[in-house]
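Asker: coords please:
(one chain, ligands or ions: 1)
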Amino acid sequence: MAHHHRRRGWELSAREVTPEPLFLDRRRFLAAMGLGVLTAAGLASGAEAASLATFKQTFEGLKALKAARNPRFAVAQAPTPEHIPAQYNNFYEFSTDKDDVWELAAALPTDPWRVEVAGLVARPRTFDVDELLRNMALEERIYRFRCVEAWAMVVPWVGFPFKALLDRVQPLSGAKYVRFTTFMEPKVAPRQRPQRWFPVSEPWPYTEGLTMAEAMSELALLTFGSYGHILPKQHGAPIRLIVPWKYGYKNIKSIVKIELTDRQPATFWNTLAPDEYGFESNVDPAVPHPRWSQAFERDIGTRERRPTLYLNGYEAQVGQLYRKA
Ligand code: MTE
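Answerer: Sure, this is the predicted structure:
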């Protein structure tokens, strides 16, 4: 399923943004399969048009999920036109190619879906996503989103503050961190199968973490929808964390488990490439990635290049969490 990679001029190359071992292994894999040339040359435009038609169908079928917009989270820019982020995804369970994800993720069954909340809580329990959608107060928030790869977008998400879920399970005083886990479904997620041509073993399932103080912040949003409908699968349906002051990889998709712990949890990218991806991972123009600057970002909708903002512009909301006393 090699697609013509519609690489835009401003993108960092895969070599630049992929952790080095993964990138090298992918090249080796393509060479071994004799696919390198095909991938580079792309497919005929007929196939491209068919793929675009499929994309539109996937999209039109999404159930509406409307909620009143919370005006406290307005952003200067207009939301990114939704077909752009919907075809430009990082979801490594499915592919390392951003423009393949929407098609591959369609295979993920997301209804019904349950999420287990466990660990250091007084009332551990498993929630049905449908129940959460019925009983929690949903709102729409327009947030900036900044990937560690230096691209950015603006998205209207629908969800509720993560803190409201914590209130339902009553954290114990020993809880210091929250650990999030994505599904493990090697049958539908090809990159969760043993990768014969990728000698680097990836720590599936994908995991992420926050401190309790971060998890309690009003900005941390448990997200079920975007652009007025349920999340498309490529954006992490049916339940995803959005923490807009942190790099994109902290915004874990398709969550099945949430655990409160007394120790800092291991996370996917930190385990894979600890020199490149820390635990905290706050957006900060002054702290370069070891292989590129973070001083500027590129908007995937407008293509505008603009300076990166400290905490992605959310210093008023979360700056106090990181200020030294
Ligand atoms: N969550 C899971 N489960 N798997 C992933 O590969 N990629 C992360 C994050 N959440 C990822 C994930 C990264 S690197 C980014 S930039 C964002 O999802 C991309 O989100 P988007 O595709 O909705 O724009």
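Asker: alpha carbons only for contacts and neighbour counts from here, please
Answerer: Noted.
Asker: need the next SSE after the longest strand seen in the chain, C-terminal direction.
Answerer: When the chain is parsed with DSSP state E, its longest strand is strand 151-161. For strand 151-161, the following helix or strand on the C-terminal side (DSSP states H and E) is helix 162-169.
Asker: What are the contacting residues of that following helix?
Answerer: With CA atoms under 8 Å, 6 or more residues apart in numbering as the test, helix 162-169 has contacts from 117, 121-125, 215-218, 220-222.
Asker: just how off-centre is it within its chain?
Answerer: 21 Å (CA atoms, centre = their mean, to the nearest Å).
Asker: which is the next helix or strand following that helix?
Answerer: Scanning forward in sequence from helix 162-169 by DSSP H and E, the next helix or strand is strand 177-182.
Asker: what does the stretch 51-200 of the chain have sitting close to the ligand?
Answerer: 85, 89-93, 147, 182 (CA under 6 Å from any ligand atom).
Asker: Most neighbours of all these, which one?
Answerer: Greatest neighbour count in those, by other CA atoms under 10 Å, goes to Phe91: 25 neighbours.
Asker: Do a quick rundown of the strands in the chain.
Answerer: According to DSSP E, the strands that the chain contains are 114-119, 125-128, 139-146, 151-161, 177-182, 207-211, 221-226, 229-230, 240-242, 255-261, 296-299, 305-307.
Asker: List the contacts of the shortest one.
Answerer: With CA under 8 Å, 6+ apart as the contact definition, strand 229-230 has outside contacts at 62-66, 224, 237-238.
Asker: In CSV, list the contacts of helix 162-169 along with neighbour count and pLDDT.
Answerer: Compiled in CSV, the contacts of helix 162-169 are given as follows (neighbours: other CA atoms under 10 Å; pLDDT from 0 to 100):
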residue, neighbour count, pLDDT
Val117, 23, 98
Val121, 21, 98
Ala122, 13, 98
Arg123, 15, 98
Pro124, 17, 98
Arg125, 13, 98
Ala215, 20, 98
Met216, 18, 98
Ser217, 16, 98
Glu218, 15, 97
Ala220, 21, 98
Leu221, 25, 98
Leu222, 23, 98
